[in-house]
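**Q** Sequence first, then the predicted structure, then my questions.
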Amino acid sequence: MLDSLTFLLEKIFLLAHFNLFKYISTGEGKACPGCRDGSSYRRGDLLEVPRTLFTHFGIYLGDNRVAHLMPDIMPVLTSDKCQVQKVVTNKRLLLGVLSKVASIRVDTVEDFAFGSAVIVNQMDRLCAQPPLPGEDVARRAEKLVGSTPYSLLWNNCEHFVTYCRYGAPVSRQTDKFCEAVKTMIRDQRSVLLSACVGLLSILYLGLAPATTLPTILVPFTLWMAG
């Protein structure tokens with residue numbers, strides 16, 4: 001089962017041009033694909049790198065080091081620091097998401113970027129709150145390094161960096177996702193679609209509580225929510 005989930009996740013990651021939550025650039029942030037050695041960054045800078053389905057965030061600490069929050073099951077399985085400090089694989093990340101465990105870790109800029117261009121302080125234009133002084137930002141990040149609970153929507157890497165740099169944990173990616181869910185719920189076609197899927201499952205699997213109840217409850221819930 002785990003291998004199947006990992007395989008599915010890796011295939012999703014291959015959809016390189018499908019980024020659900022990528023920001024529209026405002027011109028404030030600066031992409032720096034050739035500056036992964038940290039020479040152009042200042043302590044306390046907010047760094048972001050585009051991934052396939054999301055944007056990943058970190059805080060630059062100086063000396064080519066970035067603090068960032070990553071879902072990771074390895075700290076639960078072993079106390080071997082050498083194993084934990086290795087670059088997080090897709091399987092480790094997936095298990096961390098499923099078990100809701102993560103760590104705020106420090107990696108090199110190269111490992112943090114993972115082959116992507118790094119954008120610096122783009123969120124300063126998007127946030128209502130002005131950024132804190134760079135030294136304060138970096139110290140906040142350093143104090144939080146270690147294990148932390150993880151939630152894809154309520155405690156992710158973006159919440160970590162916005163708390164450090166602006167003083168309040170927020171996630172525009174979460175907001176966009178919730179708005180997309182609200183739009184889907186408001187669209188009454190989703191009620192019809194869920195009802196059709198439910199009826200097909202009854203025809204295929206037979207009439208049983210496991211198929212009948214969802215067929216009734218899911219469309220009814222969507223209809224009431226809309």
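**A** Yes, it's here. Numbers count the residues shown, from 1 in each chain.
**Q** in the protein, which segments are predicted with low confidence?
**A** Along the chain, segments meeting pLDDT under 70 span 1-39, 175, 177-178, 180-195, 197-226.
**Q** what domains does the record give for it?
**A** Residue ranges for each domain of the chain read 2-171, 187-225, as given by automatic domain parsing.
**Q** count of residues packed around Arg51?
**A** Residues near Arg51, counting by other Cβ atoms under 10 Å, number 15. Yep, even glycine has a C-beta here, placed from its N, CA and C like the rest.
**Q** ah, wrong one, I meant Asp124
**A** 17.
**Q** If you count neighbours, what's buried in the helix or strand hosting it?
**A** Using DSSP states H and E, Asp124 maps to helix 123-126. By neighbour count on 16 or more other Cβ atoms under 10 Å, the buried set for helix 123-126 is Met123, Asp124.
**Q** Stretch 116-129 now?
**A** Buried, per 16+ other Cβ under 10 Å, within stretch 116-129: Ser116, Val118, Ile119, Val120, Asn121, Gln122, Met123, Asp124.
**Q** measure it end to end?
**A** Taking Cα to Cα, to the nearest Å, the first and last residues of stretch 116-129 lie 27 Å apart.
**Q** same thing with stretch 96-116?
**A** This stretch, stretch 96-116, spans 22 Å end to end (Cα to Cα).
**Q** What are the boundaries of the strands in the chain?
**A** 30-31, 46-50, 55-62, 65-71, 101-108, 119-120, 146-149 (DSSP state E).
**Q** Pipe those strands into a markdown table and attach distance to Val161 per row.
**A** Shown next, in a markdown table, are those (distance: least, Cβ to Cβ, whole Å):
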| stretch | distance to Val161 |
| --- | --- |
| strand 30-31 | 17 |
| strand 46-50 | 5 |
| strand 55-62 | 4 |
| strand 65-71 | 8 |
| strand 101-108 | 10 |
| strand 119-120 | 12 |
| strand 146-149 | 13 |
